[in-house]
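J.: below is the sequence, then the predicted model.
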2 protein chains.
Amino acid sequence: MTSRNQILSLFRRNPGAFVSGQELSQTLNISRAAVWKQVELLRELGFEIEAQRSRGYRLLGGPELLLAADIQADLKTERIGRGLECLEVADSTNAQARQVAEAGAADGTVIIADRQSAGRGRLGRRWESPSGVNLYCSILLRPQIPVQQAPQLTFLSAVAVAETLSELYQLPARVKWPNDVLVGGAKIAGLLNEMNAETEQIHFVILGIGVNLNMTAEQFPAEILYPATSVLLETGQACDRVAFIRALLTRLDSYYSEFITDGFVPVRRRWERLCELLNTRVQVDQNPGVLQGTVVGLDQDGALRLQLDNGNIERVLAGDVRPLPSR
Amino acid sequence: MTSRNQILSLFRRNPGAFVSGQELSQTLNISRAAVWKQVELLRELGFEIEAQRSRGYRLLGGPELLLAADIQADLKTERIGRGLECLEVADSTNAQARQVAEAGAADGTVIIADRQSAGRGRLGRRWESPSGVNLYCSILLRPQIPVQQAPQLTFLSAVAVAETLSELYQLPARVKWPNDVLVGGAKIAGLLNEMNAETEQIHFVILGIGVNLNMTAEQFPAEILYPATSVLLETGQACDRVAFIRALLTRLDSYYSEFITDGFVPVRRRWERLCELLNTRVQVDQNPGVLQGTVVGLDQDGALRLQLDNGNIERVLAGDVRPLPSR
């Protein structure tokens, strides 16, 4: 952790209170002059810091920068988040996670960014990633499962995100095949998972998770492909990002352990229970072609099971799904 | 292509004949002195080159270095090998292919190396890769198929390798699940495929193909996990590596086009016809656990279909398969 982030972390553990220059200097093992320099840098980043000769420094306000130390402070997980890095900006957290994965980072390593300069959604679509309001994170996993089962982890992360939103904010979050989380039909979170594998061995999977937390209506782009929302827009109040991240990582960790032990069946059951379009007539726009039928569930490998009008079950592996008016 | 490889290529188009210094100088657009320097470098690499003042240079012998120009000269393929690079040495051709893939190389790009310094087989096992005798190549594909179907390409490449060995050398080549090619129960080729994908989109697949062509008995390591063989050991004579590569790339290209149009069914039929252990009782060593049953075929996603003794069909996604004595 940088000296700057150590200072921020100390301030946040003592909300509203003064921290003496001497305490900062001792804890960080840097000179009083160096402390002063770091405080100046924080002020340049937009933090409002009061300085009193006799009492020291205190934080009055500023951007809500995510800090690894804050997130990890009370995090009781087995794998996910034991290694965790918070960046002020990343091109995309998935790209950063790929880099640390290729350098050998451990199962469960988490990369979080306050802002993404090139955030992406599914099929290369842009993912709006303004600073300081949402969650953009990527989780590196190294599961010992066959390549064909890797897509199952997409559904695991969708379930964890939806349930965390329901648990913390009582939102009626639902999952939409293959990788969206909706509230009232509007997108509140999206998942973008990547995999690197050879014939019989997964090198790594990256679960990319974007959740709209404190994004305001003005921060959504004018031209948007699907209706979108955020926790702030749904509940009317800003949420504590650190609390959300901790709850999400804890749930992911527990489901990932269960997945390693018991496989896909528990995840699949939860996903089907949360499925936005279960038992609904839908159209699947594929390229080329179109399918119509009723969603009846999720298959072992993550295919959507669709009952066609002739009664046959069709397995859908790719496409955009939208509800049809019931007949 | 380097000047050195251009000179070699010119020699090979005029087997046993002299090529004048002037012709070399004009074709390569370098000075006569520079031609002389390249010839000296080739001699240092082990090529025997005769020089006569009045007639020029001719190649008498030397290592059989693979050249892209030789391979591509008569190659009539649609995708595979339109881009092709021959290296004297690669850590592994898969690693090289990954690099060019990440730099944006096109569907069908081929990387070949005369020698691998860190050749690998399945599950990280070492793959013996001596210089100048075998084929080590990697083929970059960018198929627009769901992630779950990517393993199908392993079986496509196994079929193409086995059929090319049968066609050119009348060898009774068979395929063994998941990614070996055998002759008389001994391994003559191995496949190592890699994939890079996100939720609904494959970035690239790399088909790594190693075929033992002119390897002698002495060149196999003393401690070997499975019995191994080569074309030379089976037929008693060295084969023309360039002819083999051209035939293999042509067959791969044709099956890949068919796969894009008609999907996995034709590949699966061919694979089952060539399957070493079809209708044989086998044991599958998994980790943990062991399965016994009779091989009855290949599933849509590349799983081996095993009929257990109780009649149930079990889908095998990973493990080492070996025949059991029939009861």
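T.: Yep, that arrived. Numbers count the residues shown, from 1 in each chain, chains lettered A, B, ... in the order given.
J.: helices and strands around the helix or strand bottoming out on mean pLDDT in chain A, which ones?
T.: Confidence across the helices and strands of chain A bottoms out at helix A:3-13, with a mean of 81, counting by mean pLDDT, DSSP states H and E. Using 3 or more C-beta pairs under 8 Å, 6 or more residues apart in numbering or on different chains; DSSP states H and E, the elements in contact with helix A:3-13 are helix A:21-28, helix A:32-44, strand A:56-61, helix A:68-73. No exception for glycine: its C-beta is placed from N, CA and C like everyone else's.
J.: one more time with 7 Å
T.: Identification of packing neighbours for helix A:3-13 by 3 or more C-beta pairs under 7 Å, 6 or more residues apart in numbering or on different chains; DSSP states H and E yields helix A:21-28, helix A:32-44, helix A:68-73.
J.: give me the contact list for the helix or strand just after the last one.
T.: Okay, so that is helix A:68-73. Tracing the chain past helix A:68-73, the next element assigned as helix or strand by DSSP states H and E is strand A:84-87. The list of residues contacting strand A:84-87 from outside it, by C-beta atoms under 7 Å, 6 or more residues apart in numbering or on different chains, reads A:66, A:67, A:68, A:71, A:72, A:96, A:110, A:111, A:112, A:113.
J.: which of those residues sits closest to residue A:38?
T.: Closest approach between those and residue A:38, by C-beta to C-beta: residue A:67, at 14.2 Å.
J.: backbone phi and psi for that closest one, please?
T.: With angles defined as degrees, to the nearest 10, residue A:67 sits at phi -120, psi 140.
J.: for residue B:190, see how far away it is.
T.: As judged by C-beta to C-beta, to the nearest Å, residue A:67 and residue B:190 stand 48 Å apart.
J.: what angle separates the top helix by length along chain A from helix A:3-13?
T.: In chain A, taking DSSP state H as the definition, the longest helix is helix A:241-262. Here helix A:241-262 points in a direction 100 degrees away from that of helix A:3-13 (axes from the mean of the first three to the mean of the last three C-alpha atoms, to 10 degrees).
J.: and helix A:241-262, what does it pack onto?
T.: Partner elements for helix A:241-262 (3+ C-beta pairs under 7 Å, 6+ apart): helix A:68-73, strand A:135-141, helix A:152-169, helix A:265-274.
J.: and the contacts of strand A:84-87, which are buried?
T.: With burial judged by 16 or more other C-beta atoms under 10 Å in any protein chain shown, the buried subset of the contacts of strand A:84-87 is A:66, A:67, A:68, A:71, A:72, A:96, A:110, A:111, A:112, A:113.
J.: what would those residues look like in JSON lines with distance to residue A:287 and pLDDT?
T.: JSON lines is the format used below for the buried ones among the contacts of strand A:84-87 (distance: C-beta to C-beta, whole Å; pLDDT from 0 to 100):
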{"residue": "A:66", "distance to residue A:287": "38", "pLDDT": "87"}
{"residue": "A:67", "distance to residue A:287": "43", "pLDDT": "85"}
{"residue": "A:68", "distance to residue A:287": "41", "pLDDT": "90"}
{"residue": "A:71", "distance to residue A:287": "40", "pLDDT": "91"}
{"residue": "A:72", "distance to residue A:287": "43", "pLDDT": "91"}
{"residue": "A:96", "distance to residue A:287": "30", "pLDDT": "95"}
{"residue": "A:110", "distance to residue A:287": "34", "pLDDT": "98"}
{"residue": "A:111", "distance to residue A:287": "32", "pLDDT": "97"}
{"residue": "A:112", "distance to residue A:287": "34", "pLDDT": "96"}
{"residue": "A:113", "distance to residue A:287": "32", "pLDDT": "94"}
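J.: between those, which sits nearest residue A:149?
T.: Nearest to residue A:149 among those, with distances taken as C-beta to C-beta, is residue A:110, at 22.1 Å.
J.: and for the residue nearest to the closest one when sequence neighbours are not counted, the neighbour number?
T.: In space, and not counting its chain neighbours, residue A:110 is closest to residue A:84: 4.4 Å by C-beta to C-beta, 6 or more residues apart in numbering or on different chains. In terms of burial, residue A:84 registers 22 neighbours under the definition other C-beta atoms under 10 Å in any protein chain shown.
J.: residue A:84 and chain B, how far apart?
T.: Using C-beta to the nearest C-beta, to the nearest Å, one gets 23 Å for the distance from residue A:84 to chain B.
J.: now that residue: how far from residue A:112?
T.: Separation of residue A:84 from residue A:112 (C-beta to C-beta) stands at 7 Å.
J.: ok, now how distant is residue A:80 from chain B?
T.: Computed as C-beta to the nearest C-beta, the residue A:80 to chain B distance reads 19 Å.
J.: returning to what we had before: pick the one among the buried ones among the contacts of strand A:84-87 closest to residue A:250.
T.: If you rank those by distance to residue A:250 using C-beta to C-beta, residue A:71 comes first, at 10.9 Å.
J.: does the closest one really touch residue A:245, like I thought?
T.: Yes - when contacts are counted by C-beta atoms under 7 Å, residue A:71 is listed as touching residue A:245 (5.5 Å).
J.: now do the closest residue to chain B within the stretch 51-200 of chain A, the pLDDT please.
T.: Of all residues in the stretch 51-200 of chain A, residue A:146 sits closest to chain B, at 3.7 Å by C-beta to the nearest C-beta. Note on residue A:146: pLDDT of 86.
J.: quick one, what contacts it?
T.: Taking C-beta under 7 Å, 6+ apart, we find residue A:146 in contact with B:317, B:318.
J.: check residue A:105 too.
T.: For residue A:105, the contacting residues are A:83, A:140, taking C-beta under 7 Å, 6+ apart as the criterion.
J.: which bits of the stretch 101-250 of chain A sit near chain B?
T.: Proximity of the stretch 101-250 of chain A to chain B, by C-beta under 7 Å from any C-beta of the partner chain, involves residues A:122-123, A:146-148, A:151, A:154, A:178-179, A:192-201.
J.: show me how to select, in PyMOL, the buried members of those.
T.: Here is the PyMOL selection string for the buried members of these, based on 16+ other C-beta under 10 Å:
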select buried, chain A and resi 122+146+147+148+151+154+178+179+192+193+194+195+196+197+198+199+200+201
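J.: narrow the residues of the stretch 101-250 of chain A next to chain B to those in helices?
T.: Short answer: these in helices (DSSP H) are residue A:154.
J.: now the stretch 201-327 of chain A against chain B: closest residue?
T.: The stretch 201-327 of chain A approaches chain B most closely through residue A:317 (3.7 Å), counting by C-beta to the nearest C-beta.
J.: which residue is the nearest non-sequential neighbour of that residue?
T.: Distance criterion C-beta to C-beta, 6+ apart; nearest residue to residue A:317, sequence neighbours excluded, is residue B:146 at 3.7 Å.
J.: how much space between the one you found and residue A:178?
T.: With distances taken as C-beta to C-beta, residue B:146 is found 10 Å from residue A:178.
J.: please identify every residue contacting each of the two.
T.: When C-beta under 7 Å, 6+ apart defines a contact, the residues bordering residue B:146 and residue A:178 alike are residue B:200.
J.: okay, now residue A:60: neighbour count?
T.: If you count neighbours by other C-beta under 10 Å, residue A:60 ends up with 10.
J.: quick one: it and residue A:48 touch, right?
T.: Yes - with contact defined as C-beta under 7 Å, residue A:60 counts as touching residue A:48 (4.3 Å).
J.: check what pLDDT residue A:103 gets.
T.: With respect to pLDDT, residue A:103 has a value of 94.
J.: nearest residue to residue A:58 other than its sequence neighbours?
T.: Of all residues beyond its chain neighbours, the one nearest residue A:58 is residue A:18 (4.6 Å), with distances taken as C-beta to C-beta, 6+ apart.
J.: which residue lies farthest from the center of chain A?
T.: In terms of distance from the mean C-alpha position of chain A, residue A:54 ranks first, at 42.6 Å (C-alpha atoms, centre = their mean).
J.: burial count for residue A:94?
T.: Here the neighbour count serves as a burial measure; for residue A:94 (other C-beta under 10 Å) it reads 27.
J.: can you tell me the average pLDDT over the longest helix of chain A?
T.: For helix A:241-262, the mean confidence score works out to 96.
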